[in-house]
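In: heads up, no residue letters with this:
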């Protein structure tokens, strides 16, 4: 299993994203596209691999707007 961040190109206070824990990038894209009409209408969903269950331990940087690695 892997964690993916999926972005739909929309902006709010920051870029709009969802996190998907699943088997692969295609599954992450498919799951995100089923959220609602805005996600289905997005020209192209951007999917970024973040980590897997086999990744080494880590900590993120403090943030009020996303997921940032040191």
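Out: Noted; the coordinates are in hand. Every value quoted in this text rests on a predicted model; they were computed, and no experiment measured them.

In: Which is the succeeding secondary structure element to the longest helix along the chain?
Out: The single longest helix within the chain, with elements called by DSSP state H, is helix 25-33. Counting by DSSP states H and E, the next helix or strand C-terminal to helix 25-33 is helix 37-41.

In: what's the angle between the helix or strand just after that next one and helix 25-33?
Out: Next helix or strand after helix 37-41 toward the C-terminus (DSSP H and E): strand 46-52. For strand 46-52 against helix 25-33, the angle by axes from the mean of the first three to the mean of the last three CA atoms, to 10 degrees is 120 degrees.

In: re earlier: now the longest helix of the chain: how far from the chain's centre is it?
Out: Offset of helix 25-33 from its chain centre (CA atoms, centre = their mean, to the nearest Å): 10 Å.

In: in the chain, which helix or strand is least confident?
Out: helix 37-41 (a mean of 81; mean pLDDT, DSSP states H and E).

In: Can you point out the buried residues in that one?
Out: Buried residues in helix 37-41, counted by 16 or more other CB atoms under 10 Å: residue 39. Using the backbone N, CA and C atoms, a C-beta is placed for each residue, glycine as well.

In: name the helices or strands packed onto that helix?
Out: strand 2-11, helix 25-33 (3 or more CB pairs under 8 Å, 6 or more residues apart in numbering; DSSP states H and E).

In: now it: how far from the chain's centre is it?
Out: Relative to the centre of its chain, helix 37-41 is centred 15 Å away, using CA atoms, centre = their mean.

In: Below-threshold pLDDT in the chain: ranges please.
Out: 69-70 (pLDDT under 70).
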